[in-house]
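> Just to be clear, the model below is a prediction. Sequence and coordinates:
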Amino acid sequence: MFQFFRNLYEYRELLYALSESYIKARYKQTILGVGWALVQPLVLMLTIIFVFPLIANISDDMKPYSLFVFVGFWIWTLFANSLAFSIPNLVQNTALLRKVYFPREILVVSAILPVLLDFFIGILALVMFMIYFSVPINVSFLLLPFLLIIFMFFTLGIALLGAVANVAFRDVSKFLPIGLQILFFATPIIYSFNNVNSAYVKLYKINPLTGVIDGFRSIIMRGTIDHPLALVYALIVSIVVFYIGYYTFKKGEQIMADIV
Amino acid sequence: MKQDYSIEVKNVSKIFRKNLKSFRSMAGYLFKRNSPDNFYALDDISFSLKPGDTLGIIGKNGSGKSTLLKVIANITKSSSGTLKVKGKIASLIELGAGFHQELTGRENIFLYGAILGMSKKEINENFDRIVEFAELQDWLETPIKFYSSGMFVRLGFAIVAHSDSDILLIDEAIAVGDEQFQQKCFKKIEEFKKDKKIIVLVSHSHEVISQHTERAIWLDHGKVMADGKSEEVINAYMYKMLEEENNATNSELEDKTSNQKINKIAEITKIEFWDKDDKPKNVFETGDDISIRVYFKINKNEPVFNFGLALFNQESQYIFGINTIIDKINTKKYLECKYFQVNYTNLPIKTNFYYVKAGIFGETDKKIFDFMDKPSIFKIISKNRNQGLVELSYKWE
């Protein structure tokens, strides 16, 4: 694990340069340019504000429902886009894999950094929401960075696993959108964990995303952590997943250039 | 300047697997299981290089040249053996491998620089020099998807050339681009040599290797066939190549002549090259005198009528041919001393490898007593920079 951070540090210039190139390339030949980075969260925000009040029967822990959905979406997008961009990124850079050496995790992380940037831009939209609904800021907000770190470990672990598997079998990136779609509905994002049918509660508890999203939401909306145990569980799972992901990735790295 | 960079390759082998499709085969490959699909891309390679060393790697396609570079560059891992590399490596295994098509030339300089391990500061410091070297001043703000392939290569080499690496791994890359830019690249390589960098150069071209590296390794099917001074290794390699080519044509020839009953009445045993001081030699300069001596023995007592000698260059172009009938030479003395000799003066042929074919014939051309079985090669080096196959004497009026 230390090796992971040491490599990131040692190759930070490359990490920045690659991330920068992805961001730049993403907005090349567009009129709005980097403006597009703002459009997506704003449009999401407006859609949510105008559409969701139309839904009836919303339990108290989900009010205001538009803020509830926004936070869920905001976190989910970070997870889903991180995977969507990083898992195919090794294969997309076959030329680099075959011709130049650097620790290959740089390619995974550099695909995630732009998504993380979008995530931080999303804070602007979040602040607007909170002002609109006059939600107060409180001390427990200090926990949010910690939550984000846990969450990123989990995301990185899955991304590393997926990326190395995708080098061997491209089926991984084909299945990815399907898997993400299933997970989107199987995770309490547009509904609350409290509303889940009690028969399936155990199943939901296995999913570490449940605890993380619930944690983010309860802190932002009420300044409390509703399910602290779920967060501890998420922390442990995240570290384990990250460790397995990184170990597998490093093992696979040895033959990556030969099989890609 | 510190000079503590080095390469040490010890008993390095690399096993590849032909069929890497199933999960089983990949797992087996990863954990180095035996398999009938395994083959050695590199087989027990050892050498070490210190600052200022230049190494050329020659061999046919698929002989493991590029794989060796990739192992040194850490792009792929060796299956066994140890590899110690100290110092910053820049690999020109493919120029422009890290370019992003959508980005401009300027942006790509920073991206590719970072891939080569340069910091932003270093790139900024070298930026103008890179642009000037690549001759792309007017194209900096253009996305490189609009670049020509020549521009692509120029930009790639320019960045690598200014990357301040200790070790340069160069794989044929320079073969692209126009003549003038190639010259520029080679000049830069000469500068690297002066700076005591380690250079490993892979090329098909014996000229490139002999001009730019002191030492050479000849690889064949992953094995080292020869290792030593560039000139010697190249000679051995060329000899082998010509021999193989010749064997192919010889077997063709034998098929043809078997009908004509080629009987070994005479046999050519050896061909030697002598300079004007009567020293055996293999490398000459344009304008030198050269004597070619062909030894033979006579097995059956049949009258020999004709000796012939033909000169070919490496590309198998027929340069010059003579025989004793055309020149009305009495062959009697040759039969007595068991060799014949031809002296050429002021050899007007230019830099290349040349080989000789000799033949001994009966009363007609169809009656071949022997036709050389081994190619004998010598090399000509031209000091002049004029071009073409032959050196004519001339004067600008």
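That came through, no problem.

> residues contacting B:Lys197?
B:51-52, B:165-168 (CB atoms under 8 Å, 6 or more residues apart in numbering or on different chains). The way it works is simple: take the backbone N, C-alpha and C, and place the C-beta from them, glycine included.

> give me the residue from the stretch 101-250 of chain B nearest chain A.
Proximity of the stretch 101-250 of chain B to chain A (CB to the nearest CB) peaks at B:Ala114, 3.5 Å away.

> I'd assumed that residue was in a helix, is it?
Yes. Using DSSP: H, G, I helix; E, B strand; the rest coil, the assignment for B:Ala114 is a helix.

> which residues sit in contact with it?
Taking CB under 8 Å, 6+ apart as the criterion, B:Ala114 is in contact with A:13-14, A:16-18, B:120, B:123.

> and of these, the nearest to A:Pro103?
A:Pro103 lies nearest to A:Leu14 out of those, by CB to CB, at 9.3 Å.

> Once you drop chain neighbours, what's closest to that closest one?
B:Ala114 (4.4 Å; CB to CB, 6 or more residues apart in numbering or on different chains).

> do B:Glu391 as well
B:Pro348 (4.5 Å).

> B:Gly98 now?
Leaving aside its sequence neighbours, B:Gly98 is closest to B:Ile115 (4.0 Å, by CB to CB, 6+ apart).

> which secondary structure element contains B:Leu83?
strand B:80-86 (DSSP states H and E).

> One more: B:Ser46?
Here B:Ser46 is assigned to strand B:38-49, by DSSP H and E.

> For that strand, which strands pair with it and how are they oriented?
strand B:6-17 (antiparallel) (DSSP bridges).

> for the strand it pairs with, which positions count as buried?
For strand B:6-17, the neighbour count (16 or more other CB atoms under 10 Å in any protein chain shown) marks B:6-7, B:9, B:12-17 as buried.

> can these go into JSON lines with extra columns for pLDDT?
Below are the buried residues of strand B:6-17 laid out as JSON lines (pLDDT from 0 to 100):
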{"residue": "B:Ser6", "pLDDT": "91"}
{"residue": "B:Ile7", "pLDDT": "93"}
{"residue": "B:Val9", "pLDDT": "92"}
{"residue": "B:Val12", "pLDDT": "92"}
{"residue": "B:Ser13", "pLDDT": "92"}
{"residue": "B:Lys14", "pLDDT": "90"}
{"residue": "B:Ile15", "pLDDT": "88"}
{"residue": "B:Phe16", "pLDDT": "85"}
{"residue": "B:Arg17", "pLDDT": "81"}
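
> coming back round to it: let's see which of the contacts of B:Lys197 end up in helices.
Members of the contacts of B:Lys197 lying in helices (criterion: DSSP state H): none.

> How about the residue positioned nearest the centre of chain A: what's its closest non-neighbour residue?
A centroid search over chain A (CA atoms, centre = their mean) returns A:Phe79, at 2.0 Å, as the residue closest to the centre. Nearest residue to A:Phe79 in three dimensions, chain neighbours excluded: A:Thr155, at 5.5 Å (CB to CB, 6+ apart).

> do the same with A:Gln254
Excluding the flanking residues, the one nearest A:Gln254 by CB to CB, 6+ apart is B:Lys77, at 4.6 Å.

> do B:Lys120 as well
A:Glu13 (6.2 Å).

> Quick check: mean pLDDT of the lengthiest helix in chain A?
Criterion DSSP H: the longest helix present in chain A is helix A:228-259. The average pLDDT for helix A:228-259 rounds to 92.

> again, but for stretch B:46-56
In the prediction, stretch B:46-56 has an average pLDDT of 92.

> least trustworthy helix or strand in chain A by mean pLDDT?
helix A:36-51 (a mean of 80; mean pLDDT, DSSP states H and E).

> how big is the angle separating the next helix or strand after that helix from helix A:36-51?
Downstream of helix A:36-51, the first helix or strand assigned by DSSP H and E is helix A:65-86. Counting by axes from the mean of the first three to the mean of the last three CA atoms, to 10 degrees, helix A:65-86 lies at 150 degrees to helix A:36-51.

> Quick check on the residue nearest to A:Gln254: phi, psi?
phi -90, psi 140 (degrees, to the nearest 10).

> Give me the below-cutoff pLDDT ranges for chain B.
Residues of chain B that meet the criterion pLDDT under 70 lie in B:1-2, B:94-97, B:173-177, B:245-263, B:365-366, B:372-375.

> Would you mind listing what in it touches chain A?
B:16, B:20, B:23, B:26, B:29-30, B:70, B:73-77, B:89, B:91, B:93-94, B:97-98, B:100, B:102-103, B:107, B:110-111, B:113-120, B:143 (CB under 8 Å from any CB of the partner chain).

> are any of those residues buried, and which?
The neighbour count (16+ other CB under 10 Å) marks B:16, B:26, B:29, B:70, B:73-76, B:89, B:91, B:93-94, B:97-98, B:100, B:102-103, B:107, B:110-111, B:113-118, B:143 as buried among the residues of chain B next to chain A.

> Return the subset of those lying in helices.
B:26, B:29, B:70, B:107, B:110-111, B:113-115.

> how about those, which pair is most distant?
Once CB to CB is applied, these give B:Tyr29 and B:Glu107 as the farthest pair, at 37.5 Å.

> which residues touch the residue nearest to A:Gln254?
By CB under 8 Å, 6+ apart, the neighbours of B:Lys77 are A:254-255, B:71.

> Just the buried subset of those residues, please.
Here, 16+ other CB under 10 Å leaves A:255, B:71 buried among those.

> Quickly name whichever of the contacts of B:Lys77 is closest to B:Leu392.
Lowest distance from B:Leu392 to these (CB to CB) belongs to B:Val71, with 47.6 Å.

> Report the separation between that closest one and chain A.
10 Å (CB to the nearest CB, to the nearest Å).

> Would you check that that residue makes contact with B:Ser78?
Yes. Contact criterion CB atoms under 8 Å: B:Val71 and B:Ser78 qualify, at 5.0 Å.

> Now do the shared contacts for those two.
B:12, B:14, B:42.

> give the contact list for the closest residue to chain B within the stretch 101-250 of chain A.
Per CB to the nearest CB, A:Tyr101 is where the stretch 101-250 of chain A lies closest to chain B, at 4.2 Å. Contact partners of A:Tyr101, counting by CB under 8 Å, 6+ apart, are B:73-75, B:89, B:91.

> for the residue lying closest to it once chain neighbours are set aside, what are its contacts?
Spatial nearest neighbour of A:Tyr101, excluding adjacent residues (CB to CB, 6+ apart): B:Asn74 at 4.2 Å. Residues near B:Asn74 by CB under 8 Å, 6+ apart: A:101, B:85, B:89.

> Quick one: end-to-end length of stretch B:333-341, please.
End-to-end distance of stretch B:333-341 (CA to CA, to the nearest Å): 11 Å.

> outside of it, which residues touch it?
Counting by CB under 8 Å, 6+ apart, B:291-298, B:304, B:307, B:309, B:324, B:331 sit against stretch B:333-341.

> I'd assumed B:Ser13 was in contact with B:Asp44.
Yes. Applying CB under 8 Å, one finds B:Asp44 in contact with B:Ser13, separated by 5.7 Å.

> which neighbours do the two share?
B:Gly81.

> What's the local residue count around B:Asn108?
27 (other CB atoms under 10 Å in any protein chain shown).
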